[in-house]
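> Next comes the sequence, and after it the predicted model I'd like to discuss.
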Amino acid sequence: DQQVKQNSPSLSVQEGRISILNCDYTNSMFDYFLWYKKYPAEGPTFLISISSIKDKNEDGRFTVFLNKSAKHLSLHIVPSQPGDSAVYFCAASAEGYGQNFVFGPGTRLSVLP
Amino acid sequence: KAGVTQTPRYLIKTRGQQVTLSCSPISGHRSVSWYQQTPGQGLQFLFEYFSETQRNKGNFPGRFSGRQFSNSRSEMNVSTLELGDSALYLCASSPGGGSYNEQFFGPGTRLTVL
């Protein structure tokens, strides 16, 4: 049973437009969420995080929104650039989990020039 | 600062053999976590070591084991390899003091079991 779901395996967006990547979770104990980006032949790279005391966190072109009642978070990339083409993973953790982050299966984003 | 390094980068083994993978964390980081990545499954948490002690463990069989040395370097061992163990094994390090620390990943070791 997947505790963290990313229901879109892939997403294509035109350069300059907004990319929205979605993530749903089932464990109500999760209170800290992260997004990672992964290029082929490299390890995942941390992008942005959000804790459950917030509903939004911004970092440059990246914004993460958290809807705790719906157990849903989304990553917005504005404007999208070709270099953003990668696999994006959503991850969640809870107090007491330590560094045991539960990852979603990933969404492959393609930004078309 | 040097990043997380993993050796070897690629490995081919046959069923029944055992394998040892190595991870050197970022200098000063005391927590090392291991993940298995297979197509469509995302990253599955194997275990985390902090100050030479296993602090967390995922749902993997006992064939998967690990250890951490006093210099924080970590090794992961898989015994009696099965075809399904073919995957990318990722190591991540973090300072490790609190509950939520950003993890820095290495490039991974691609294991193929024939």
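Perfect, I can see it now.

> got a pLDDT number for B:Arg55?
B:Arg55 is assigned 87 on the pLDDT scale.

> what does stretch A:46-59 contact?
A:30-37, A:62-68, A:73, A:75, A:88, B:100, B:102-104 (CB atoms under 8 Å, 6 or more residues apart in numbering or on different chains). C-beta here means a position set from N, CA and C on the backbone, and glycine is covered the same way.

> Please apply the same query to stretch B:13-23.
Against stretch B:13-23 from outside (CB under 8 Å, 6+ apart): B:4-8, B:11, B:32, B:34, B:73-83, B:89, B:91, B:93, B:106, B:109, B:111-114.

> Also near chain A: which of those, exactly?
Among the contacts of stretch B:13-23, the ones lying near chain A by CB under 8 Å from any CB of the partner chain are B:Val4, B:Gly106.

> For PyMOL, what selects the buried ones among the contacts of stretch B:13-23?
Filtering the contacts of stretch B:13-23 down to the buried ones (16 or more other CB atoms under 10 Å in any protein chain shown) takes a single PyMOL command:
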select buried, chain B and resi 4+6+32+34+74+75+76+78+81+89+91+93+106+109+111+113
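
> The contacts of stretch B:13-23 in strands, which ones?
B:5-7, B:11, B:32, B:34, B:74-78, B:89, B:91, B:93, B:109, B:111-113 (DSSP state E).

> picking up where we left off before, any of the contacts of stretch A:46-59 buried? List them.
Taking 16+ other CB under 10 Å as the criterion, what is buried in the contacts of stretch A:46-59 is A:30-37, A:62-66, A:73, A:75, A:88, B:100, B:103-104.

> Need the pLDDT of the closest residue to B:Arg30 other than its chain neighbours.
Nearest residue to B:Arg30 in three dimensions, chain neighbours excluded: B:Gly96, at 4.3 Å (CB to CB, 6 or more residues apart in numbering or on different chains). B:Gly96 carries a pLDDT value of 71.

> would you say B:Gly96 is within a helix?
No - read with DSSP: H, G, I helix; E, B strand; the rest coil, B:Gly96 is coil and lies in no helix.

> That one and B:Ser51, how far apart?
8 Å (CB to CB, to the nearest Å).

> again, but for B:Arg9
Counting by CB to CB, the gap from B:Arg9 to B:Ser51 is 27 Å.

> again, but for B:Pro61
Counting by CB to CB - B:Pro61 and B:Ser51 are separated by 25 Å.

> next one: A:Gly43
From A:Gly43 to B:Ser51 the distance is 23 Å (CB to CB).

> Give me the more crowded residue out of these two.
Shown here are A:Gly43 and B:Ser51; by other CB atoms under 10 Å in any protein chain shown, A:Gly43 has more neighbours (22 against 11).

> and stretch B:10-21, how far apart are its ends?
End-to-end distance for stretch B:10-21, by CA to CA, to the nearest Å: 10 Å.

> how much space is there between the closest residue to B:Ala92 other than its chain neighbours and A:Thr45?
Nearest residue to B:Ala92 in three dimensions, chain neighbours excluded: B:Gln103, at 3.9 Å (CB to CB, 6+ apart). Between B:Gln103 and A:Thr45 the computed distance is 10 Å (CB to CB).
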